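K.L.:
need coordinates for the below:
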Amino acid sequence: MTELLSSDVVRARLAFAYDGTAFHGWASQPGLRTVQEELESALARVVRMPDGTPAPGLRVTVAGRTDAGVHARGQVAHVDVPRSAWDRLPGRSERTASEALRVRLTGVLPADVAVRSVEVAAEGFDARFSALERRYAYRLCDDPALRDPLRRHHVVDHRASLDVEALDAAAATLTGLRDFAAFCKAREGATTIRELVEFSWARPVEGPDAGLAVATVRADAFCHSMVRGLVGAVLAVGEGRRDLGWLGEVAAHPERSQAIAVAPAHGLTLEQVVYPPDAELAARARLTRDRRSAEDLA
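P.N.:
Down below sits the predicted model:
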């Protein structure tokens, strides 16, 4: 069931970005620097109850958890704020509470995290379960003349030349609704059945990615390390070391395949999270919570 919020709580929707280089991923881990820890610590500093104490329970739910070293340009999250704390956010300013929260977070967050917008979430919104799909990009440079040390934390320098057409053809064989266990790091109780909407490769001719080999990967959701596993598998085909027959055998493996060299984390960026119209948010969240099983593949 979709969570029903009381009138004493405001659900805030945050759009934000981060450079994952110095983070041990999104999720909080004892003794390690994570994006979740930084964001929740910042919220605790700026969201206060009427008596001046930190607002309780400011836990952030994110659209897609990213691994250590992975970046996000279009990340989305929600946080439930006590209304009494929400209403006092503007202080004496003319700002709305949403804008006041964005400005205050910007003032205390480190330079590698940027909150771009804050708004009151529509009824039924859940950053994780209401999402229709997530879109990632993976960037590789296989041309020594194009290597840019200023982008070394976001683009993988690849020594072997890549056949982008072969990459694209290989990637296309992996799309659709299927079990991606061969490409994922197993998590107890978690399904590995996903619908891969798009997995394509191109070499842009204009813009900041001109000349790079860039993958676009879209799915309703992703398993742990799934994108990097997919990229690593098709790179073997793009380099000419493996063929589509090999890739098909790997994809059919019932658990994570040791034949796949997982691609480096720093080439991966979460670019966008897509949601349905506001009227469909709650229904989408209910549907997403119904975990897929092997019967869905019949």
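
K.L.:
I'd like to know which elements the longest strand anywhere in the chain is packed against.
P.N.:
For the chain, the longest strand by residue count, based on DSSP state E, is strand 71-82. Counting contacts by 3 or more C-beta pairs under 8 Å, 6 or more residues apart in numbering; DSSP states H and E, strand 71-82 is packed against strand 9-18, helix 35-46, strand 60-62, strand 268-274. All C-beta spots, glycine's among them, are computed from the backbone N, C-alpha and C.

K.L.:
of all the ones you listed, which one is nearest Leu247?
P.N.:
strand 268-274 (19.9 Å; C-beta to C-beta).

K.L.:
list the neighbouring strands of the closest one plus their orientation.
P.N.:
With DSSP bridges as the test, strand 268-274 is paired with strand 71-82 (parallel), strand 133-141 (antiparallel).

K.L.:
tell me what Val9 is bridged to.
P.N.:
On the basis of DSSP bridges, Val9 is bridged to Pro82.

K.L.:
the helices in the protein, which residues?
P.N.:
35-46, 83-87, 97-108, 164-172, 226-238, 244-251, 281-289 (DSSP state H).

K.L.:
buried ones in the second one, by neighbour count?
P.N.:
Read that as helix 83-87. Ala85, Trp86 (16 or more other C-beta atoms under 10 Å).

K.L.:
same check, this time on the first one
P.N.:
Judged by neighbour count using 16+ other C-beta under 10 Å, the buried positions of helix 35-46 are Val35, Gln36, Glu37, Glu38, Leu39, Glu40, Ala42, Leu43, Val46.

K.L.:
give me the helices and strands touching that helix, please.
P.N.:
strand 60-62, strand 71-82, helix 97-108, strand 113-120.

K.L.:
which other residues reach that helix?
P.N.:
16, 18, 20, 23, 25-28, 54-55, 58-60, 62, 66, 72, 77, 79, 89, 101, 104-105, 107-110, 113 (C-beta atoms under 8 Å, 6 or more residues apart in numbering).

K.L.:
I'd like to know which of those residues are buried.
P.N.:
For the contacts of helix 35-46, buried by 16+ other C-beta under 10 Å: 16, 18, 20, 23, 25-26, 28, 55, 58, 60, 62, 66, 72, 77, 79, 89, 101, 104-105, 109, 113.

K.L.:
from Trp201, how far off is Asp163?
P.N.:
10 Å (C-beta to C-beta, to the nearest Å).

K.L.:
between the two, which has more neighbouring residues?
P.N.:
Neighbours per residue (other C-beta atoms under 10 Å) separate Asp163 from Trp201, with Trp201 holding more: 26 against 16.

K.L.:
if I look at Arg178, how far off is Gly248?
P.N.:
Taking C-beta to C-beta, one finds Arg178 at 12 Å from Gly248.

K.L.:
between those two, which has more neighbouring residues?
P.N.:
A side-by-side neighbour count of Arg178 and Gly248, using other C-beta under 10 Å, places Arg178 first with 17 against 12.

K.L.:
before we move on, back to that, ok, which of the helices of the chain comes nearest Ala131?
P.N.:
helix 281-289 (7.5 Å).

K.L.:
how far away is His224 from Val47?
P.N.:
31 Å.

K.L.:
the more surrounded of the two?
P.N.:
Val47 (23 against 15).

K.L.:
out of the helices and strands packed on helix 35-46, nearest to Arg147?
P.N.:
strand 71-82 (18.6 Å).

K.L.:
next, the angle strand 9-18 makes with the closest one.
P.N.:
Relative orientation of strand 71-82 versus strand 9-18 (axes from the mean of the first three to the mean of the last three C-alpha atoms, to 10 degrees): 160 degrees.

K.L.:
and strand 71-82 with helix 35-46, angle?
P.N.:
Using the same axes, to 10 degrees: strand 71-82 against helix 35-46 is 40 degrees.

K.L.:
understood, closing this out.
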